[in-house]
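**Q** Model the following, please.
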Amino acid sequence: MSTALTLILLLAVLLAPFGLVATLAAVSHRNGHLRMHFDQFRFAAPLVGPLFEDNADARRVGHDLDAIRTRFEQSPSWPSPGVLGERR
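**A** Below is the predicted model:
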């Protein structure tokens with residue numbers, strides 16, 4: 001009897017972290033916290049605050065990320081090159 005209880009306790013201890021991760025992933029996915037945005041990686045300096053508030057590069061990178069994401073949602077394969085043979 002004690003061997004069975006020891007096995008059950010051991011399995012519970014080993015599987016608990018996976019259950020916790022699955023629960024946290026499900027809750028954060030439902031709330032939309034797993035979505036990657038460029039605003040998540042802001043540059044800041046100590047005693048100064050955010051360095052680049054609104055600049056053209058951030059808007060361009062955000063637009064490029066959206067374009068890449070939507071392109072691969074529509075067609076999830078990399079495009080083939082235009083030239084398919086050896087040219088001399």
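**Q** where's Val13 relative to Leu7, distance?
**A** 11 Å (Cβ to Cβ, to the nearest Å). For every residue, glycine as well, the C-beta is placed using N, CA and C.
**Q** so what's in contact with the two at the same time?
**A** The overlap between the contact sets of Val13 and Leu7 (Cβ atoms under 8 Å, 6 or more residues apart in numbering) is empty.
**Q** Moving C-terminal from the helix or strand harbouring Val13, which element do we reach first?
**A** Counting by DSSP states H and E, the element that carries Val13 is helix 2-31. The helix or strand immediately downstream of helix 2-31 is strand 44-45, counting by DSSP H and E.
**Q** strand partners of that next one, parallel vs antiparallel please.
**A** strand 49-50 (antiparallel) (DSSP bridges).
**Q** Average pLDDT for the partner strand, rounded please.
**A** Strand 49-50 shows a mean pLDDT of 68.
**Q** do the same with stretch 57-77
**A** Computed over stretch 57-77, the average pLDDT equals 79.
**Q** ok, now stretch 12-29?
**A** Regarding stretch 12-29, the rounded mean pLDDT is 88.
**Q** Alpha carbons only: can I get that stretch in CSV?
**A** Taking C-alpha atoms only, stretch 12-29 is exported to CSV below (Å, rounded to 0.1, in the frame of the first residue of the first chain):
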residue,chain,number,x,y,z
ALA,A,12,1.8,14.2,-8.7
VAL,A,13,5.1,16.1,-7.8
LEU,A,14,6.6,15.4,-11.2
LEU,A,15,3.5,16.4,-13.2
ALA,A,16,2.5,19.4,-11.2
PRO,A,17,4.8,21.9,-13.0
PHE,A,18,3.5,20.8,-16.4
GLY,A,19,-0.1,21.4,-15.2
LEU,A,20,0.8,24.8,-13.8
VAL,A,21,2.5,25.8,-17.1
ALA,A,22,-0.5,24.6,-19.1
THR,A,23,-2.9,26.5,-16.9
LEU,A,24,-0.8,29.7,-17.1
ALA,A,25,-0.5,29.4,-20.9
ALA,A,26,-4.2,28.9,-21.4
VAL,A,27,-5.1,31.9,-19.2
SER,A,28,-2.5,34.2,-20.8
HIS,A,29,-3.5,33.0,-24.4
